[in-house]
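Visitor: what shape does this take:
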Amino acid sequence: MSKLSRREFLKRSAVSGAAAAVIMSGLNKPAHASAGAGKGVQYGTIIDLTKCDGCSHLKVPACVTACRQENKSKFPKPVPSEEINYYWPHKKKEDWQDKKQLTNRLTPYNWTTVQKVTVEHNGREVEVHIPRRCMHCDNPPCANICPFGAQGKTPEGPVVINHDLCFGGAKCRTVCPWGIPARQAGVGLYMKVAPQYLGGGVMYKCDLCYHRIKKGQVPACVESCPRGAITFGPREEIKQLAKERAKEIGGYIYGENENGGTSTLYVSQVPFEKIHQQLAKQKAGQPNPEAPGYPLMPVNVGNYLDTANGLLTSMLVAPVAGAALAGYTAYKKMKGGE
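Guide: Prediction:
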């Protein structure tokens, strides 16, 4: 089976695609989009690292603050910490409710963070600030691997999580090259089913301000950036702009090929291999180096769905996801939902 046919097979067979169609309505074209952009066009972003200074004049970067403010109604509302059980059979749980104010890493309450590294390049030291959030992949393994069909990629690009359907098994985080999704225990559907034995909570991450895009608005991080470091628009135009900007500065692009391609492209004047190396050193210095929430930038990293194991796993979870989605849809109809 060729790489292309495998990917097309996954796109058609993985039930998460169906989940996206059922759970989400279509998007309206953002007002800023070009006149040629119509229904079904995918959107993306460019993050220009030559323009981002991490909002050095602010205590917290503007994009981080804007993201938290815009999405606070979506943040988890778990039961009290003392009522949360360990993830059976392991004696652990991921509970962030007493760390809601953290902004230097990704958590269920912080979907955007800005990392800072100093990179030596062409004989000089360059300070680089890197806004991090979900990459919104073209063929997201997180969505296709979810056994409950709780994640899906909308036709317009954002990859979203249905918090009402997620069991918090964290398979999405396992197959994400950046470990982006964050888990909060003590909340979600598993609490109603078998809180002592099943799942682990709900996964949370950036959804590219999907609710704003539906209203014809740009994501909050784009709107809030004081230096215009983040550009939003039709993905094909974004790709062209990224190439032009990289050529202009003699720089590099990240996200065009990583994980099979993403809707988030970075442009930098220094190689991303060097950025990745510095991020890896920083993470190694953390109290728990294996902890998620501090994404690296591996260059040319492949997509799990392009492997034999990824294909097989996606095929195996599809029936489970289909049953879960059918049950969820029936439940919503019974409750009078859409």
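Visitor: output the below-cut-off pLDDT ranges for the protein.
Guide: Applying pLDDT under 70 to the chain flags the ranges 1-39, 197-199, 308-338.
Visitor: that one: strands as residue ranges?
Guide: Remark: strands assigned in the chain by DSSP state E are 43-48, 113-121, 124-132, 151-153, 159-161, 182-184, 202-204, 230-234, 252-254, 264-268.
Visitor: could those strands be laid out in a markdown table, adding distance to His90?
Guide: For the C-beta atoms, the positions are set from N, CA and C on the backbone; glycine is no exception. Supplementary listing: these in a markdown table, determined by distance: least, Cβ to Cβ, whole Å:
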| stretch | distance to His90 |
| --- | --- |
| strand 43-48 | 36 |
| strand 113-121 | 27 |
| strand 124-132 | 28 |
| strand 151-153 | 23 |
| strand 159-161 | 23 |
| strand 182-184 | 13 |
| strand 202-204 | 17 |
| strand 230-234 | 38 |
| strand 252-254 | 34 |
| strand 264-268 | 33 |
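Visitor: Serialize the ones you listed to JSON lines and add fields for mean neighbour count and distance to Leu296.
Guide: Below are the strands of the chain laid out as JSON lines (neighbours: other Cβ atoms under 10 Å; distance: least, Cβ to Cβ, whole Å):
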{"stretch": "strand 43-48", "mean neighbour count": "26", "distance to Leu296": "16"}
{"stretch": "strand 113-121", "mean neighbour count": "17", "distance to Leu296": "9"}
{"stretch": "strand 124-132", "mean neighbour count": "17", "distance to Leu296": "10"}
{"stretch": "strand 151-153", "mean neighbour count": "27", "distance to Leu296": "22"}
{"stretch": "strand 159-161", "mean neighbour count": "25", "distance to Leu296": "19"}
{"stretch": "strand 182-184", "mean neighbour count": "26", "distance to Leu296": "16"}
{"stretch": "strand 202-204", "mean neighbour count": "28", "distance to Leu296": "19"}
{"stretch": "strand 230-234", "mean neighbour count": "21", "distance to Leu296": "20"}
{"stretch": "strand 252-254", "mean neighbour count": "21", "distance to Leu296": "11"}
{"stretch": "strand 264-268", "mean neighbour count": "26", "distance to Leu296": "13"}
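Visitor: nearest to Gly285, out of these?
Guide: Gly285 lies closest to strand 113-121 among the strands of the chain, at 12.2 Å (Cβ to Cβ).
Visitor: state the distance from the residue of the chain most remote from its centre to Ile161.
Guide: For the chain, the largest distance from the centre (Cα atoms, centre = their mean) belongs to Gly123, which lies 34.6 Å off. Gly123 is 44 Å from Ile161, where distance means Cβ to Cβ, to the nearest Å.
Visitor: repeat that for Leu265.
Guide: Using Cβ to Cβ, Leu265 is found at 22 Å from Ile161.
Visitor: thought Arg183 was touching Gly168?
Guide: Yes - using Cβ atoms under 8 Å, Arg183 is in contact with Gly168, at 5.2 Å.
Visitor: quickly list what's touching both of the two.
Guide: Shared contacts of Arg183 and Gly168, defined by Cβ atoms under 8 Å, 6 or more residues apart in numbering, are found at Gly200, Gly201, Val202, Met203.
Visitor: contacts only, for the last one.
Guide: So the one you mean is Met203. Per Cβ under 8 Å, 6+ apart, neighbours of Met203: Ala150, Gln151, Ile161, Cys166, Gly168, Ala170, Cys172, Arg173, Pro181, Ala182, Arg183.
Visitor: which phi and psi does the first one have?
Guide: It refers to Ala150. As for Ala150, its main-chain torsions (degrees, to the nearest 10) stand at phi -80, psi -10.
Visitor: that one: neighbour count?
Guide: 30 (other Cβ atoms under 10 Å).
Visitor: same check on the fourth one?
Guide: The number of residues packed around Cys166, counting by other Cβ under 10 Å, is 27.
Visitor: which residue packs closest to it, ignoring adjacent ones?
Guide: Once flanking residues are discounted, Cys166 sits nearest to Ala150: 4.0 Å by Cβ to Cβ, 6 or more residues apart in numbering.
Visitor: and that neighbour, how close does it get to Gly169?
Guide: 9 Å.
Visitor: and Gly293, by the same measure?
Guide: Distance, Gly293 to Gly169, by Cβ to Cβ: 18 Å.
Visitor: what's the answer for Asp98, then?
Guide: Taking Cβ to Cβ as the measure, Asp98 falls 23 Å from Gly169.
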